[in-house]
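Peer 1: Just need the structure, nothing else, for what follows:
(one chain, ligands or ions: 2)
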Amino acid sequence: MKKIKAALLGYGTVGQGIHEVLHEHQERLRILLGKEVEIVAILVQNPSKHKNLPENIVVTTNFEEIITLPELDVVFEAIVGEEPALSYLTHALDKGVHVITANKMMFAKHAKSLLEKARENDVKIGFEATTAGGTPVIRTIEQLLQVNRVEKIEAILNGTSNYILTAMSERSIDFKTALAEAKEKGYAEADPTNDIDGTDAFNKLMILSQLIFNDQPAWHKVEKTGIKDLTSTDIQAAQENNKKYKHIAVIYKEGDQLKAEVSPLLLSSSHPLYNIDGVDNAIAITSNIVGTITLIGPGAGKLPTASAMVEDLVAIFQHEPENHSIHQYKDQAAV
Ligand SMILES: NC(=O)C1=CN([C@@H]2O[C@H](COP(=O)(O)OP(=O)(O)OC[C@H]3O[C@@H](n4cnc5c(N)ncnc54)[C@H](OP(=O)(O)O)[C@@H]3O)[C@@H](O)[C@H]2O)C=CC1
Ligand SMILES: N[C@@H](CC=O)C(=O)O
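Peer 2: Ligands and ions are numbered 1, 2, ... in the order given. This is a model prediction of the structure:
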């Protein structure tokens, strides 16, 4: 049986999640794609941390060694920061290799040029995992709201912030302890600055903006505030008034101007995002025909993020002409 040959860039929370999901669900992937998916190489920074990987997988710090492997089909990118990720993915697209990325910091800035490059080279970029973790907002907008015109997004887009706010409110723990828990659970970035100062939610909002409006507002004009200055006293006071702080990202068009803001807001219980707690994200999408749809689901973590990336893999390879396209499990097939 032919194989889909994949490389992982990064073997931290997300990279390990992808490996686990590909391994655990090999049979399902074989049914869906008519092919096995094989991880042939993994790029890391410090190979001594990754000594227990199977011997048939190339573990390297040198991207050249990966991109020159014969018959490489796809690269999953789960490293940190704008560079070298951008250069690696540009190189992969130029070589005709599909790309699946979780790297929102890089993609917020370079979505447009990378998507153009992918089109030029007749390959695909999956980026579901860049926004809202395991919650499938990208494909919902891209594929299920094509006749609709999306007019507004109001969303909780950072799992760490929502986890911290919920923990401070429900368990009365302090900010530092809640952040340490979010790190321990694999929700927060290794450097959590972007989680708590609003940058991560901002980056995700810009990715949605690019997808929906094929444009982004001028970054310096978007007001961006994180949750880092909220104190336990603020949170308890809100609770005593039956309110909650939530970190909200909003974008809409006013005339031909894009308006966006990312900030903590005090919500009353009638607000649709009031009950979104823990690591969950929620995205209220308002469109001209259907009205408002709200997607809710895990916004961070190993398996939710890997789920989004492996679903991207299926979306890319299912469309290759020789592949099968079976959408139902046998025991769920319609009679
Ligand atoms: N964690 C989450 O819930 C989510 C994360 N993301 C994004 O996914 C990406 C990965 O996140 P996560 O797995 O949590 O991060 P981790 O810090 O857990 O892992 C990062 C991995 O990337 C490797 N790495 C980092 N920089 C380089 C480099 N320059 N060259 C080669 N390898 C490198 C590290 O190598 P080594 O192991 O040797 O140190 C490590 O294996 C990030 O861009 C993040 O923003 C997106 C959605 C959700
Ligand atoms: N650190 C991010 C991870 C997912 O994008 C978050 O907490 O939302």
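Peer 1: what are the ranges of the helices in the protein?
Peer 2: Assigned by DSSP state H, the chain shows helices spanning 13-24, 26-33, 63-67, 85-94, 104-120, 137-139, 159-170, 175-184, 193-196, 199-213, 232-240, 302-318.
Peer 1: and of those helices, who's closest to I251?
Peer 2: Distance to I251, taken as CB to CB, is lowest for helix 199-213 among the helices of the chain, at 5.5 Å. For the C-beta atoms, the positions are set from N, CA and C on the backbone; glycine is no exception.
Peer 1: got the angle for the closest one vs helix 104-120?
Peer 2: If you take axes from the mean of the first three to the mean of the last three CA atoms, to 10 degrees, helix 199-213 sits at 30 degrees to helix 104-120.
Peer 1: Report the backbone C-alpha coordinates of helix 199-213 in CSV.
Peer 2: Output of helix 199-213 as CSV, limited to C-alpha atoms (Å, rounded to 0.1, in the frame of the first residue of the first chain):
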residue,chain,number,x,y,z
THR,A,199,-1.3,39.1,21.5
ASP,A,200,-2.3,35.5,21.0
ALA,A,201,-6.0,36.3,20.7
PHE,A,202,-5.1,39.2,18.4
ASN,A,203,-3.1,37.0,16.1
LYS,A,204,-6.0,34.5,15.9
LEU,A,205,-8.4,37.4,15.1
MET,A,206,-6.1,38.6,12.3
ILE,A,207,-6.1,35.1,10.8
LEU,A,208,-9.9,35.1,10.9
SER,A,209,-9.9,38.6,9.4
GLN,A,210,-7.7,37.4,6.5
LEU,A,211,-10.0,34.5,5.9
ILE,A,212,-13.3,36.4,6.1
PHE,A,213,-12.4,39.8,4.7
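Peer 1: ok, back up a step: mind putting the helices of the chain into JSON lines with mean pLDDT and mean neighbour count?
Peer 2: Shown next, in JSON lines, are the helices of the chain (pLDDT from 0 to 100; neighbours: other CB atoms under 10 Å):
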{"stretch": "helix 13-24", "mean pLDDT": "98", "mean neighbour count": "21"}
{"stretch": "helix 26-33", "mean pLDDT": "97", "mean neighbour count": "15"}
{"stretch": "helix 63-67", "mean pLDDT": "98", "mean neighbour count": "16"}
{"stretch": "helix 85-94", "mean pLDDT": "98", "mean neighbour count": "19"}
{"stretch": "helix 104-120", "mean pLDDT": "98", "mean neighbour count": "18"}
{"stretch": "helix 137-139", "mean pLDDT": "98", "mean neighbour count": "20"}
{"stretch": "helix 159-170", "mean pLDDT": "98", "mean neighbour count": "25"}
{"stretch": "helix 175-184", "mean pLDDT": "98", "mean neighbour count": "17"}
{"stretch": "helix 193-196", "mean pLDDT": "98", "mean neighbour count": "20"}
{"stretch": "helix 199-213", "mean pLDDT": "98", "mean neighbour count": "23"}
{"stretch": "helix 232-240", "mean pLDDT": "96", "mean neighbour count": "14"}
{"stretch": "helix 302-318", "mean pLDDT": "98", "mean neighbour count": "23"}
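Peer 1: Pipe the ones you listed into CSV and attach distance to ligand 1 per row.
Peer 2: As requested, these are exported to CSV (distance: least, CB to the nearest ligand atom, whole Å):
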stretch, distance to ligand 1
helix 13-24, 3
helix 26-33, 21
helix 63-67, 8
helix 85-94, 7
helix 104-120, 6
helix 137-139, 12
helix 159-170, 7
helix 175-184, 10
helix 193-196, 8
helix 199-213, 7
helix 232-240, 23
helix 302-318, 4
